[in-house]
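In: Make a model of this:
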Amino acid sequence: MDILSESAALYIHWPWCVRKCPYCDFNSYACRGAIPEADYVEALLADLAVAAEDLCGRTVSSVFIGGGSPSLMTGAGMSRLLAGVRSAVTLTQDAEITMEANPGASNRERFAEYAAAGVTRLSLGVQSFDDTLLKRLGRIHSSAQAQDAVKAAVELFPEVNIDVMYALPGQSREMLERDIACALACGTTHLSFYELTLEEGSVFWKRPPEGLPDSDLAADLGEIVHDRLRDGGFVRYEISGYARPGHMCRHNRTYWTFGDYLGIGAGAHGKVTLPGGTLVRTMRPKAPGRYMDGVRSGRFGAWRRKVSPRDLPFEFMLNALRLLDGVPAGRFEETTGLSLAELEPALSSLRDEGLMVRDRGILAVTGLGRRFLSDVQERFLCCAAE
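Out: Here you go, the predicted model:
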């Protein structure tokens, strides 16, 4: 299939949150007074009207509203935003519309308004059900608030994801087991379990918290997550993604299969393939004020970069190898326009080392390759000719 005949995805960034968490390196800003919601939503829609030209008439099969804490948006703001999205692009009939929410910045009434506006999938940033660990992570909600939020979400949305973190400061195996049991008891369709990593630019990067598990314990905790979620009926389809059968996140799979997506909002990234096969990366200005000023002036300030064929193998593998089942080998040529033969020396070597599966029809890492995923991905740096 030609990628230009596929549906694309749309990412919308909401940059504000109640308080910046110490582990977070996302483009987010703690609220300082009133949020200019109406102005920001209008800027998003003006941005989208221009960005949609890159789709050349292609449909959009998923929308993801991330942040920050999009659940700080009013129901009226969400209704205006999604109505504007439907006017600017053609959504598929079964389009998945996800928004992120935080238990400390939302309530049942607000959830009902989001559902009425057209949100079909809620992704809740719970991170832990343990009050002690939540405090260590700088979260503003309690375990009880998290459980109340999940209960309301499951009743109102057909698809619900919970984000949970592990390998936390001072977290024991027993504490993780309790978090997993709570997550499984919630009745959601999707679970994302992320190992805490110290990201450059975060507070934890500058001042690491005490009690972080060593690499061996972190690996053991990861195995516990995998085993318990598998036994609980969840299928691990991506490094951090677990879903009940038939409930994988469509939007995230667009990323992992190197599909195209528009990115609008402060600091949002996008990837689009233009007629003729040119692949372009885009990024909006990070500061919300600068972003809105740029849209109002008609300059937008969007950064666009043509991706060099030399960079495509690494960019493709950086995404595709996160999927446990990998992707069909033909997907590389469909999305990059390059011949897979150019990667054969690297692929052959990785297969011989037991890091990638030997089936030439699939591009996927082995269990061993998953343990050294970053090293495997780096082997594809600069291995295609200009």
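In: Centre of the chain to stretch 55-74, how far?
Out: In this view, stretch 55-74 has its centroid 12 Å away from the chain centroid, taken as Cα atoms, centre = their mean, to the nearest Å.
In: List the buried residues of that stretch.
Out: Neighbour counts over stretch 55-74 (16 or more other Cβ atoms under 10 Å) mark 55, 58, 60-73 as buried. Placement of C-beta: from N, CA and C, glycine included.
In: okay, and for the stretch 1-150 of the chain, where does confidence drop off?
Out: 1 (pLDDT under 70).
In: Tell me which stretches of it form strands.
Out: Remark: strands assigned in the stretch 1-150 of the chain by DSSP state E, counting those that start in this stretch are 8-14, 16-17, 29-30, 60-67, 91-101, 121-127.
In: for these, which one sits closest to I264?
Out: Among the strands of the stretch 1-150 of the chain, the nearest to I264 by Cβ to Cβ is strand 8-14 (5.7 Å).
In: tell me what the closest one is packed against?
Out: In this structure, strand 8-14 packs against helix 37-51, strand 60-67, helix 75-88, helix 250-256, strand 261-264, strand 269-273, with contacts taken as 3 or more Cβ pairs under 8 Å, 6 or more residues apart in numbering; DSSP states H and E.
In: Any chance of CSV for these, columns distance to W14?
Out: Formatted as CSV, these follow (distance: least, Cβ to Cβ, whole Å):
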stretch, distance to W14
helix 37-51, 8
strand 60-67, 4
helix 75-88, 9
helix 250-256, 15
strand 261-264, 11
strand 269-273, 15
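In: do you know which of those lies nearest E155?
Out: Between the helices and strands packed on strand 8-14, helix 75-88 lies closest to E155; by Cβ to Cβ that is 16.7 Å.
In: For stretch 113-121, C-alpha coordinates in PDB please.
Out: What follows is stretch 113-121, C-alpha atoms only, in PDB (Å, rounded to 0.1, in the frame of the first residue of the first chain):
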ATOM      1  CA  GLU A 113     -18.900  16.900  28.800                       C
ATOM      2  CA  TYR A 114     -15.800  15.500  27.000                       C
ATOM      3  CA  ALA A 115     -17.700  12.300  26.000                       C
ATOM      4  CA  ALA A 116     -20.600  14.500  24.700                       C
ATOM      5  CA  ALA A 117     -18.100  16.500  22.700                       C
ATOM      6  CA  GLY A 118     -17.000  13.400  20.900                       C
ATOM      7  CA  VAL A 119     -14.000  12.000  22.900                       C
ATOM      8  CA  THR A 120     -14.100   8.200  22.600                       C
ATOM      9  CA  ARG A 121     -10.900   7.300  24.500                       C
END
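In: Quick one: distance of that stretch to the chain centre.
Out: With Cα atoms, centre = their mean, you get 19 Å for stretch 113-121.
In: ditto for stretch 86-104
Out: Offset of stretch 86-104 from its chain centre (Cα atoms, centre = their mean): 14 Å.
In: For that stretch, what is the spacing between the initial and final residues?
Out: From its first residue to its last, stretch 86-104 covers 29 Å (Cα to Cα, to the nearest Å).
In: For it, buried residues please.
Out: Buried residues in stretch 86-104 (16+ other Cβ under 10 Å): 88-89, 91, 95-104.
In: And those, which is closest to A43?
Out: For these, the nearest to A43 is A88 (13.1 Å; Cβ to Cβ).
In: I figured that closest one was touching A46, is that so?
Out: No: assessed by Cβ atoms under 8 Å, A88 is found out of contact with A46, at 9.6 Å.
In: Name the residues of the longest helix along the chain that are buried.
Out: If you go by DSSP state H, the chain has its longest helix at helix 215-231. Within helix 215-231, the residues scored as buried using 16+ other Cβ under 10 Å are A218, L221, G222, I224, V225, R228, L229.
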